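Engineer: Fold the following for me, if possible:
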Amino acid sequence: MKTTKINSKKYPIYLGNNNFVLLKKKIKHFCPKAKKIAIIYDNGVPIKLLNKLKNKINNYNIIKIKVRPTEKNKSLSLAKSILDKLIIKNFSRSDLIISVGGGIVGDIAGFIASIFKRGINFINIPTTLLAQVDSAIGGKTGINSPQGKNLIGSFYNPKFVLIDTNFLLSLPQKQMICGYAEILKHAIIKDKIFFNWLKTNSKDIIFKKKMKKVNYAIKKSCLIKLSFVDRDFKESSLRMKLNFGHTFAHAIESYDRYLQKYNHGEAVLIGMVIATKVSNHLKICNDDTLNNIIEIYKKNSLINYVNKFKDFKNLNNLIKFMKNDKKNYNEKISLILLKDIGKTTIPGRYIFSTDKIRNILKNLNN
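Structural biologist: Sure, this is the predicted structure:
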């Protein structure tokens, strides 16, 4: 497949397979003064592909830093240890950090790039479906704290994003589901036609990895996300719509103490169902909209996630983590809710007290 260039206002995205051939030329163009490169990589990245990447840029002084990609590991202590290595190796601002991995590695590497000497060159090479359709797009970086996900972070754009879909061939099904959750979210909040396409093509993405359809879904997701990010980079209003289902999802992940019983995408699948049920309960969306979403879960063997909310018995703990979500207002909880497929509520329109949320969730859990 030829490489497709997707343009945002700030940087290009190159989508294709076997497109490492572009790397040396693009680094020279975007980072002409770089002499040293730190490759921060996911320990699950196939060595063959990692070596292939390294061979394309072997004219640079390269250090490799391996990261175990767990939410618990996405921490200040890990960030400090990597920063110390860059300082010891005397990296300058004109040098380069390349992230090779999923969303966790990309978030850590991007955060480090944003604060090292107040900003070093950064390139993101996402290797999971989740990272390719979501976390690598939009310039958000971050690490976790014991109080919640991504509470420490920055907005920092890469020089470019290189999406090589060959990485997906080695991904387990659980990780394909994880990425699919964000693809589905993009369709739900923005594009009813894409949602209907997913109704009949999702199994080919998740289970069969039919790459023509996978590439189409990645491109559509990138374009939808960029339609929000390019107009509201620092998430002051419009971009908040991308958080549909995420206040619940992040609380579920934090409630789970980052043990990864549910990965991010699985938590999002649960969170979107809860958000839609809340929307329906408050008569913001009708029964047909709720049933339409449940139907796409059923058709694509994801129905188990519809009732997973009943696993969370301790609502007080769940609400505690929801209160810490960075998009909230004071002590109240802000939610993006759904009017119809392709249309959400306006950010800031629905803000709830913890008692109100608790009562709503109790009703959903009966």
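Engineer: what sits up against the worst-scoring helix or strand of the chain on mean pLDDT?
Structural biologist: In the chain, no helix or strand scores lower on mean pLDDT, DSSP states H and E than helix 315-323, which sits at a mean of 76. Identification of contacts with helix 315-323 by Cβ atoms under 8 Å, 6 or more residues apart in numbering yields 147-148, 247-248, 250-252, 254-255, 312, 328, 331, 333, 354, 357-358, 361-362, 365. Where C-beta positions appear, they are placed from N, C-alpha and C, glycine not excepted.
Engineer: Okay, residue 42 and residue 100: tell me how far apart.
Structural biologist: Using Cβ to Cβ, to the nearest Å, residue 42 is found at 7 Å from residue 100.
Engineer: Correction: the previous question concerned residue 364.
Structural biologist: Distance from residue 364 to residue 100, by Cβ to Cβ: 40 Å.
Engineer: Looking only at neighbour counts, state which of the two leads.
Structural biologist: residue 100 (26 against 15; other Cβ atoms under 10 Å).
Engineer: Residue nearest the middle of this protein, spatially speaking?
Structural biologist: Among the residues of the chain, the one closest to the centroid is residue 135, at 3.1 Å (Cα atoms, centre = their mean).
Engineer: Narrow the contacts of helix 315-323 to those that are buried.
Structural biologist: Buried members of the contacts of helix 315-323, scored by 16 or more other Cβ atoms under 10 Å, are 148, 247-248, 250-252, 254-255, 312, 328, 333, 354, 357, 361.
Engineer: In stretch 30-47, which residues are buried?
Structural biologist: For stretch 30-47, a neighbour-count test (16+ other Cβ under 10 Å) marks 30-31, 34, 36-42, 44-45 as buried.
Engineer: again, but for stretch 180-187
Structural biologist: With the criterion 16+ other Cβ under 10 Å, stretch 180-187 contains buried residues 180-187.
Engineer: what's that stretch in contact with?
Structural biologist: Residues contacting stretch 180-187 (Cβ under 8 Å, 6+ apart): 129-130, 133-134, 194-195, 197-198, 202, 205-206, 217-218, 220-221, 224-225, 242, 244-245, 264-266, 268-269, 272, 296, 341-342.
Engineer: can we see that at 7 Å?
Structural biologist: Here stretch 180-187 makes contact (Cβ atoms under 7 Å, 6 or more residues apart in numbering) with 129-130, 133-134, 194-195, 198, 202, 205-206, 217, 221, 224-225, 244-245, 265-266, 268-269, 272.
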